[in-house]
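# The sequence isn't on hand, but the structure is:
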């Protein structure tokens, strides 16, 4: 098996579990609460986007599976149903190391 890959340095991130999807209205409020707790109360410094100079937030979908074609391209994404109580997805912010 031959494949190309790159190694990335470790990142420092803070996450909170979330039971919804990236487009849910709750995401904005949870990002705000996460920022307030991690940056304003706990004193961590957020990593800023070099273009916009804004904190880098992300949405980690643990219930989505990527499927690839034989040529290595993205074939489709499969969303696995999980009970809401599992809060299988995460909202996060990247922090300075």
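Ah, there it is. All values reported here derive from a predicted model rather than from experimental measurement.
# can you give me the strands for this protein?
Residue ranges of the strands in the chain, as given by DSSP state E, are 12-18, 57-60, 64-68, 74-79, 89-95.
# Would you mind listing where this protein has pLDDT under the threshold?
Residue ranges of the chain with pLDDT under 70: 1.
# Let's see that with 80 instead.
Counting by pLDDT under 80, the low-confidence segments of the chain come to 1-3, 63, 80-86.
# ranking the strands of the chain by burial, who's on top?
Of all the strands of the chain, strand 89-95 has the most neighbours on average by mean count of other C-beta atoms under 10 Å, namely a mean of 19. (C-beta placed from N, C-alpha, C; glycine too.)
# Need the contact partners of it.
Residues from elsewhere that reach strand 89-95 (C-beta atoms under 8 Å, 6 or more residues apart in numbering): 11-21, 27, 30-31, 34-35, 38-39, 44-47, 55-63.
# returning to what we had before: would you mind putting the strands of the chain into CSV with distance to residue 2 alongside?
Listed next are the strands of the chain as CSV, based on distance: least, C-beta to C-beta, whole Å:
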stretch, distance to residue 2
strand 12-18, 31
strand 57-60, 29
strand 64-68, 15
strand 74-79, 19
strand 89-95, 32
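# Tell me which of these sits nearest to residue 3.
Residue 3 lies closest, by C-beta to C-beta, to one member of those: strand 64-68, at 11.0 Å.
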